[in-house]
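K.L.:
sequence first, then the predicted structure, then my questions.
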Amino acid sequence: MAEIRLESVTKVYSRGGDAAVDAVSLAVADGSFTVLVGPSGCGKSTTLRMVAGLEDVTAGQIVIGGKRVNEVAPRDRDIAMVFQNYALYPHMTVRENLGFALKMRKTPREEIDRRVRAAAQTLGIAELLDRKPGQLSGGQRQRVAVGRAIVREPKAFLFDEPLSNLDARLRVSTRAELKALHQRLRTTTLYVTHDQEEAMTLGDQVVVMCGGKVQQAGPPMEIYRRPANRFVAGFLGTPPMNFLPGTLSKPGEFDNTHFASEAINLVNEPFVFSFGRERSDRLKTHHGAPVVLGIRPQALALAAEQEQGRDFPDTNQFVCELLVVEPLGDVMDLVCQAVSGERIVARVPAVDGLRAGTTIRLEVQPERLHVFEPGDFGAALL
C-alpha cells in the first residue's frame, strides 16, 4: 500500500488550449478510499489516467509511495486499474483472465494458482473459473475485472467508473461488495464516478471537480453539510438543493439579519426569513448585497396548520402551487412552483390526499439553510 499525492498537476492537450486538469492538488492517504466525482468533462478521468501513466503530465508532479512517477512507465508504477468496459479477454477463461498479468511477469505457476484461487474466493466467483466472459452476467464480469486487479497485490487500485454499465439494482449490490472488499484489503484506492450517490456511499474522502479544478475535498458528510460553494451544494444531494435569489438586510438596530426574496411569497408579501443571532453576526458584512439562499429538499416540511396549539411564525413559511407528487414509499417528493415561477422540491414523509394543482404551505428548518454569493460558483457565506 502507498500514499498517492498530486501536486499542482495540470493537463493541456494542445498548446494555447484550455487545461483539461488545472493545478489539481490532493492526497490519497495510505489505505484510504478516495472518490473523484463531478459532471462529464470535469477532468476526473484524465486525472486518474495521469496517475496510471496513461496520460502525460503537462505540469506538476505525481508521487506514489514517496516516489515521483511522472516519467515512470505504467507497468512499473505498481498500480492496478479497473476500466468501465472491464477489458476482459473473451477467448480466455476466468482463471486465465485473472492470472494473465502475473503470467506476463513470469510469476511461478504455483504462486499464480494461489493468488487466483484467493481472489476468486474473496469475490465469490470460484465456481466460475472455467467459464469465459461471454458466459457471465455483467456483475460477474465486473467481479472478474476487480479480481484481475486484486491478484497483482498492487500498491494502489484505480477504478474508472466501473459500475456504470450495470443496471440500477446490481449497481447498488456491487457497490456494497466493493466497499466491503476495501475494508478487508485496505489497499489505497482512487475511484472515479459521475454518480454523487456512489461517491457519498463509497468514499472515505470525496473530491468534487468541475472545469478541471477541485471545488472541494473532504469526508462525504462534511461536504454535504458544509459545501464550499453553490456548485458543490447543488451537485451533492438527492434531490438537488433549491436555490432562491434575494437580499440580506437588518431592519432595526437589535434585529437579526433578514433574507427577503420576491421569488416566493407569503400571502402576496415577499418571503422573509430571520436568521438567529450567531448566523446574523456572520452575515453582517453582506447586508444590502444580493445573495442566493440554498434549501435542501429535506429541510422543508408540510406546515401542519390544522394542528391545535401550534404556532408557526410567518417568517418560516411560504405558499406555493403543488405541481407533481412523486411517491417514494415512506417519503415523497413534492414539486412545487412559486408565484414567480421558481421550481421548489420538498422531500417529506408520505401522506395521503395531496393533489396536483392545489396550494400548499411549506415550512423551512432554519438551522439547515445555506447562503451563497451570486453566481454558479458563489462561495458559501455560512
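P.N.:
Everything's here; your move.
K.L.:
contact partners for the nearest residue to residue 144 once chain neighbours are set aside?
P.N.:
Using CB to CB, 6 or more residues apart in numbering and skipping the chain neighbours, the partner closest in space to residue 144 is residue 94 (5.4 Å). Bear in mind the C-beta positions are built from the backbone N, C-alpha and C, glycine included. The contact partners of residue 94, by CB atoms under 8 Å, 6 or more residues apart in numbering, come to 120, 125, 128, 129, 130, 131, 132, 133, 136, 144.
K.L.:
same thing but 7 Å
P.N.:
125, 128, 129, 131, 144 (CB atoms under 7 Å, 6 or more residues apart in numbering).
K.L.:
and the residues you listed, which is closest to residue 109?
P.N.:
Distance to residue 109, by CB to CB, is smallest for residue 129 among the contacts of residue 94, at 15.1 Å.
K.L.:
CA atoms of stretch 207-227 as PDB?
P.N.:
Provided in PDB are the C-alpha atoms of stretch 207-227 (Å, rounded to 0.1, in the frame of the first residue of the first chain):
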ATOM      1  CA  VAL A 207     -13.100  15.200  -4.200                       C
ATOM      2  CA  VAL A 208     -15.700  17.300  -6.200                       C
ATOM      3  CA  MET A 209     -14.400  18.500  -9.500                       C
ATOM      4  CA  CYS A 210     -15.700  20.900 -12.100                       C
ATOM      5  CA  GLY A 211     -13.900  22.700 -15.000                       C
ATOM      6  CA  GLY A 212     -10.700  20.800 -14.400                       C
ATOM      7  CA  LYS A 213     -10.400  22.200 -10.800                       C
ATOM      8  CA  VAL A 214     -11.000  20.700  -7.400                       C
ATOM      9  CA  GLN A 215     -14.000  22.500  -5.900                       C
ATOM     10  CA  GLN A 216     -13.900  20.800  -2.500                       C
ATOM     11  CA  ALA A 217     -12.400  17.800  -0.900                       C
ATOM     12  CA  GLY A 218     -13.100  16.100   2.400                       C
ATOM     13  CA  PRO A 219     -15.300  13.400   4.200                       C
ATOM     14  CA  PRO A 220     -18.600  13.000   2.300                       C
ATOM     15  CA  MET A 221     -20.900  14.200   5.100                       C
ATOM     16  CA  GLU A 222     -18.700  17.200   5.800                       C
ATOM     17  CA  ILE A 223     -19.100  18.200   2.100                       C
ATOM     18  CA  TYR A 224     -22.800  17.500   2.200                       C
ATOM     19  CA  ARG A 225     -23.400  19.600   5.400                       C
ATOM     20  CA  ARG A 226     -20.900  22.400   4.600                       C
ATOM     21  CA  PRO A 227     -20.500  22.800   0.900                       C
END
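K.L.:
residue 293 is in contact with residue 364, correct?
P.N.:
No. Counting by CB atoms under 7 Å, residue 364 does not reach residue 293; the two are 9.3 Å apart.
K.L.:
quick one, phi/psi of residue 141?
P.N.:
Main-chain dihedrals, residue 141, degrees, to the nearest 10: phi -60, psi -40.
K.L.:
which residues touch the host helix or strand of residue 170?
P.N.:
Residue 170 belongs to helix 168-185 when assigned by DSSP states H and E. The contact list for helix 168-185 (CB under 7 Å, 6+ apart) reads 33, 122, 138, 139, 142, 163, 166, 189, 198, 201, 202.
K.L.:
thinking again about what came up before, can you flag which of the contacts of residue 94 belong to helices?
P.N.:
Among those, DSSP state H puts residue 144 in helices.
K.L.:
which of the contacts of residue 94 are buried?
P.N.:
Taking 16 or more other CB atoms under 10 Å as the criterion, what is buried in these is 125, 128, 129, 144.
K.L.:
going by distance to residue 46, which of those wins?
P.N.:
Nearest member of the buried ones among the contacts of residue 94 to residue 46, counting by CB to CB, is residue 144, at 26.3 Å.
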